[in-house]
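J.: build me a structure from this.
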Amino acid sequence: MTQSYWLANVLLESGFFRKDGMVTKTITENCHILVEEGKFTKIIPAYENLPVGLPVQDTGGLLMLPGFQDMHIHLDKTYYGGKWKACTPFVDVFGRMKEEEDMLPSLLPVTEERAKKILELLLQNGVTHIRAQCNVDPIIGLKNMEAVLQALKSYDGQLSYELVAFPQHGLLRSNSVPLVREALQMGATASGGLDPAIVDENIEASLHALIELAVEADADIDLHLHEPGHLGIYTMKRLAKLTEEAGWQGRVTIGHAFGLGDVPVEVAADAAETLAQAGISIASTVPIDIPTIPIPLLHEKGINVSLVNDSITDHWDPFGTGDVLYKASLMAERFAWIDEWSLGRALGFITGGKMPLNSEGERVWPTIGDKADAVFVEASCSAEAVARRSSRLAVMHKGKIVSGSFNQILAKN
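T.: Numbers count the residues shown, from 1 in each chain. Sure thing, here's the model as predicted:
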């Protein structure tokens, strides 16, 4: 249990300044916050004297924001933490699958170690909750799952997590239904799927198998959908229909959803309404090498969109920073969100929707009773943090500092 203590001199957002009806500045104030049993239990203005009797941790006036989330991050089959290795030119998904026949067994001895290195990188960048992806396939069986579970368990108390049993070689194509079922029994929290048309070559059978696995295990669903254009749109709409029939609204996520990026806007809008009605979320990396999905439109239609890393330096992609704040900044840049209001709103795409202020400028985070998950940044407000990709000096999970410290800012002051 975390010791009770005061966080002193915390910078919190407290309102908006508007000119001619437009938000032009974010108002902040310094506060003291009481942390008890991993929750925020009291907030007082910094001009008030702190009660005696409890330890005090001075934050040096750093801005406190909600802890970040990465809802789609592959922890296995990574080169991160090892020697540099670029990718071979991409031909198709089947070529990448072929590469894994040799690669997965060769990486198994370091899978747990490298997963931990990614977790440490995510923590340093402000992430306090993740949805991890892990291969489940005939080549590696459940060995990667075992290694990733060990890595995640070693970070208990430092971040919270979900875990997807991901059939990278196709749920049906590789006959991985029994493996996914076993992975769900051993600790995975979501049933994964991949491209029902292009990879599994049977949209109906693939989606039905995916949903049946989830319902059987009372698990979430995480479908990786790279299928383009109208093919992707058709698959999304079928998934939405089957989600509603299964009563699985609010428990389904589509990763990538590339099809939304290369259809006419009216087609994307219609699909977005269907997905929103079924409570389906979307995870996007904000890709720049293909048409970006219309994130503002999806958000406007009521879809929960998360910005994610996906992978960090592997055989699919040599890039990756492990920084979802960078993704929020990239999204803002891509869609010309350059004003104070829009930049600040971009933060919600990496916090599970948590924002310091609501649309009226009233503080809605932190509130009394909130879990003490937070990131402390060198910025004057959320808008600056997104635009400038501000440094994160300390990260808190359940009231405990799990990465960084306040020493650097206190030394400056």
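J.: these two touch, right, Leu194 and Gly170?
T.: Yes: between Leu194 and Gly170 there is a contact at 5.9 Å, judged by Cβ atoms under 8 Å. Every C-beta, even on glycine, is put in place using the N, C-alpha and C of the backbone.
J.: quick check, pLDDT for the nearest residue to Leu107 once chain neighbours are set aside.
T.: Distances taken as Cβ to Cβ, 6 or more residues apart in numbering place Lys77 nearest to Leu107, at 5.9 Å, with adjacent residues excluded. At Lys77, the pLDDT value in this model is 92.
J.: quick one: contacts for Lys77?
T.: When the contact criterion is Cβ atoms under 8 Å, 6 or more residues apart in numbering, the partners of Lys77 are 100, 103-104, 107, 111, 135, 144, 314-315.
J.: next step: those residues restricted to helices.
T.: Under the assignment DSSP state H, those contribute 100, 103-104, 107, 111, 144 to helices.
J.: kindly check the end-to-end length of stretch 29-44 for me.
T.: 10 Å (Cα to Cα, to the nearest Å).
J.: hmm, who's touching that stretch?
T.: 1-2, 4-12, 14, 45-46, 48, 50, 54, 61, 64, 366-372, 398-400.
J.: same thing but 6 Å
T.: 2, 4-12, 14, 46, 50, 366, 369-372, 398-399 (Cβ atoms under 6 Å, 6 or more residues apart in numbering).
J.: out of those, which are buried?
T.: 2, 6-12, 14, 46, 366, 371-372, 398-399 (16 or more other Cβ atoms under 10 Å).
J.: ok, the ones in helices among the contacts of Lys77 vs Gly157, which is closest?
T.: Distance to Gly157, by Cβ to Cβ, is smallest for Thr111 among the ones in helices among the contacts of Lys77, at 22.0 Å.
J.: which non-adjacent residue is nearest that closest one?
T.: Spatially, and ignoring its direct neighbours in sequence, Thr111 is nearest to Ala147 (4.0 Å; Cβ to Cβ, 6+ apart).
J.: where does the one you found fall, secondary structure wise?
T.: Per DSSP states H and E: Ala147 is located in helix 143-153.
J.: now for the helix or strand following that helix, which elements pack on it?
T.: Toward the C-terminal end, the helix or strand that comes next after helix 143-153 (DSSP H and E) is strand 160-166. Packed against strand 160-166, as judged by 3 or more Cβ pairs under 6 Å, 6 or more residues apart in numbering; DSSP states H and E, are the following elements: strand 127-135, helix 177-186, strand 190-194.
J.: can you classify Leu207 as helix, strand or coil?
T.: Following DSSP: H, G, I helix; E, B strand; the rest coil, the label given to Leu207 is helix.
J.: which residues in the stretch 251-400 of the chain form strands?
T.: In the stretch 251-400 of the chain, the segments counted as strands under DSSP state E, counting those that start in this stretch are 252-256, 280-284, 305-307, 374-377, 392-397, 400-404.
J.: among those strands, show me which one is buried the most.
T.: Burial of these is given as mean neighbour count (mean count of other Cβ atoms under 10 Å); strand 374-377 ranks first at a mean of 28.
J.: by contact count, what packs against that one?
T.: In this structure, strand 374-377 makes packing contacts with strand 63-66, strand 392-397, judged by 3+ Cβ pairs under 6 Å, 6+ apart.
J.: so which of those strands comes closest to Phe349?
T.: Checking the helices and strands packed on strand 374-377 against Phe349 by Cβ to Cβ gives strand 63-66 as the closest, at 11.8 Å.
J.: and that closest one, what does it pack against?
T.: Contact here means 3+ Cβ pairs under 6 Å, 6+ apart; on that basis strand 63-66 packs against strand 374-377.
J.: domain ranges for the chain?
T.: Annotated domains of the chain cover 5-67+356-412, 68-322 [automatic domain parsing].
J.: most tightly packed of these?
T.: Of the domains of the chain, the one with the most neighbours on average (mean count of other Cβ under 10 Å) is domain 68-322, at a mean of 20.
J.: thinking again about what came up before, I'd like the strands of the stretch 251-400 of the chain as JSON lines, with distance to Phe335 and mean pLDDT appended.
T.: Shown next, in JSON lines, are the strands of the stretch 251-400 of the chain (distance: least, Cβ to Cβ, whole Å; pLDDT from 0 to 100):
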{"stretch": "strand 252-256", "distance to Phe335": "18", "mean pLDDT": "98"}
{"stretch": "strand 280-284", "distance to Phe335": "12", "mean pLDDT": "98"}
{"stretch": "strand 305-307", "distance to Phe335": "12", "mean pLDDT": "98"}
{"stretch": "strand 374-377", "distance to Phe335": "22", "mean pLDDT": "98"}
{"stretch": "strand 392-397", "distance to Phe335": "24", "mean pLDDT": "98"}
{"stretch": "strand 400-404", "distance to Phe335": "30", "mean pLDDT": "97"}
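J.: format those as JSON lines; extra columns: distance to Val91.
T.: JSON lines is the format used below for the strands of the stretch 251-400 of the chain (distance: least, Cβ to Cβ, whole Å):
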{"stretch": "strand 252-256", "distance to Val91": "19"}
{"stretch": "strand 280-284", "distance to Val91": "24"}
{"stretch": "strand 305-307", "distance to Val91": "28"}
{"stretch": "strand 374-377", "distance to Val91": "40"}
{"stretch": "strand 392-397", "distance to Val91": "38"}
{"stretch": "strand 400-404", "distance to Val91": "39"}
